[in-house]
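> build the 3D model from these lines:
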Amino acid sequence: MSKINVSVAIADEHLDHISAVAEALQSHGLTVLSIMEMLGVVTGVCDDSMVGTLRTVNGVDSVEVGQTFHLAPPDSSVQ
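Next up is the predicted model:
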């Protein structure tokens, strides 16, 4: 299992309780990195196999997996 970054959007009706939703996410395997109350988003890191479980947490609207990109070195023939 590999660790991935995720952004969790909190459902509108649970925004007043975003800390409680973040705690529930944590108990389901998310290492919470930040809680952005004004945006209604919780970010964190979890095993890639836990994404489906996080989507079932009460108060979660959606879970988006972070994307990573790798650029070729400057001296590479591929540019």
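
> make it CA atoms for all contacts and neighbour counts henceforth
Will do.

> what's the span of stretch 12-28, first residue to last?
Terminal residues of stretch 12-28 are spaced 21 Å apart (C-alpha to C-alpha, to the nearest Å).

> how far out from the middle of the chain is the lengthiest helix in the chain?
In terms of residue count, the longest helix belonging to the chain (DSSP state H) is helix 18-27. For helix 18-27, the distance between its averaged C-alpha position and the chain's averaged C-alpha position is 12 Å (C-alpha atoms, centre = their mean, to the nearest Å).

> after it, which helix or strand is next?
Using DSSP states H and E, the helix or strand that follows helix 18-27 in sequence is strand 31-36.

> tell me what that next one is packed against?
Strand 31-36 makes packing contacts with helix 18-27, strand 41-47 when contacts are defined by 3 or more C-alpha pairs under 8 Å, 6 or more residues apart in numbering; DSSP states H and E.
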